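Undergrad: Please work out how this folds:
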Amino acid sequence: MEGLKEDWIKSLSNPLMLFSYIKHTLFGEKLSERKFPLISFEGIDFCGKSTQAKLLAKYLKEKGIPYRQFREPGGVYISEKIRNILLDPGNKGLLDTTELLLFAAARAQIVGEEIEPSLETKLVLLDRFHDSSVAYQGFGRGMGYKFVKELQKYATKGIYPDRTYWFNVSIEEVAKRKQVLTTNANTKLDRIEVSKDNFYQKVIDGYKHIARTEPWRFKTINAKRSIDEIHNDVINDANKVLQKYNLL
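TA: Down below sits the predicted model:
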């Protein structure tokens with residue numbers, strides 16, 4: 001718990017961070033009053049976040065810590081149906097506004113159906129959450145940070161992660177990984193994965209903005225390193241969250 005305090009207390013020396021933290025605390029994001037933590041994994045496609053989410057889940061299982069793991073969009077029947085629409089490469093005519101609202105709808109469904117009730121009895125791991133929409137639609141699609149964030153607050157009932165891991169990797173590195181997968185593993189790209197570099201650069205800018213304004217929960221991870229090195233970073237930090245909830 002002391003480690004977590006030190007992390008965000010340092011960040012509050014910046015007036016902008018202090019204002020953002022006060023606003024965050026006073027206006028509805030649900031954090032410490034819940035019984036179990038929520039941890040999310042973020043980053044552009046092919047950054048390695050899904051692998052790290054699975055490794056943390058394995059670690060929790062070994063420790064005997066109860067947890068649920070979900071992916072977004074999806075995770076429950078209705079949200080998976082929406083996922084199919086969002087990621088189908090054939091839906092090239094999908095409007096940006098439609099995309100944003102479909103993501104919010106899928107998120108609202110899984111929050112109400114699974115995430116909120118699960119947090120009463122289990123830790124929850126999320127492969128993407130509201131930050132993805134802030135970065136992808138707010139910045140990537142140019143729909144506006146404030147508007148998209150307010151919409152996500154409504155869709156999630158104000159539920160925020162205790163910790164978010166952003167796996168930061170360059171567009172050039174992602175291009176290499178994408179080439180390997182599409183060539184050697186015969187992987188077919190979805191509607192968003194085929195996006196151009198300039199779109200992904202805007203998404204990265206969005207994640208950087210979140211990292212600057214919400215450093216007490218949003219941790220940047222260098223994702224160009226080996227899987228084991230990254231996993232060790234995640235575990236070392238996640239232990240602080242687990243200790244806060246007396247799970248270790």
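Undergrad: Please verify my assumption that D88 contacts I192.
TA: No - here D88 lies out of contact with I192, judged by CB atoms under 8 Å, at a distance of 10.5 Å. Using the backbone N, CA and C atoms, a C-beta is placed for each residue, glycine as well.
Undergrad: Tell me which of those two has more neighbours.
TA: Ranked by neighbour count (other CB atoms under 10 Å), D88 and I192 place I192 first, with 17 against 12.
Undergrad: Is the more buried one in contact with P89, as I believe?
TA: No - taking contacts as CB under 8 Å, I192 lies outside contact range of P89: 9.4 Å.
Undergrad: got the contact list for the strand or helix carrying K81?
TA: With secondary structure defined by DSSP states H and E, K81 is part of helix 77-87. Contacting residues not belonging to helix 77-87 are listed as 72-74, 91, 94, 99, 102-103, 105-107, 109-110, 113, 190-192 [CB atoms under 8 Å, 6 or more residues apart in numbering].
Undergrad: If any of these are buried, give me the PyMOL selection for them.
TA: Applying 16 or more other CB atoms under 10 Å to the contacts of helix 77-87, the buried members can be selected in PyMOL as follows:
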select buried, resi 72+73+74+99+102+103+106+107+109+110+191+192
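Undergrad: Take the contacts of helix 77-87 and keep only those in strands.
TA: When the contacts of helix 77-87 are checked against strands (DSSP state E), there are no matches.
Undergrad: Next step: the contacts of helix 77-87 restricted to helices.
TA: Cross-referencing the contacts of helix 77-87 against helices under DSSP state H gives 99, 102-103, 105-107, 109-110.
Undergrad: any low-confidence regions in the protein?
TA: When the per-residue scores of the chain are filtered using pLDDT under 70, the ranges that remain are 1-32.
Undergrad: mind redoing it with 90?
TA: Across the chain, the ranges flagged by pLDDT under 90 are 1-34, 179-187.
Undergrad: residue ranges for the helices of this protein, please.
TA: Listed in chain order, the helices of the chain (DSSP H) span 2-11, 15-26, 49-63, 77-87, 96-110, 116-118, 130-133, 145-155, 171-184, 197-213, 227-244.
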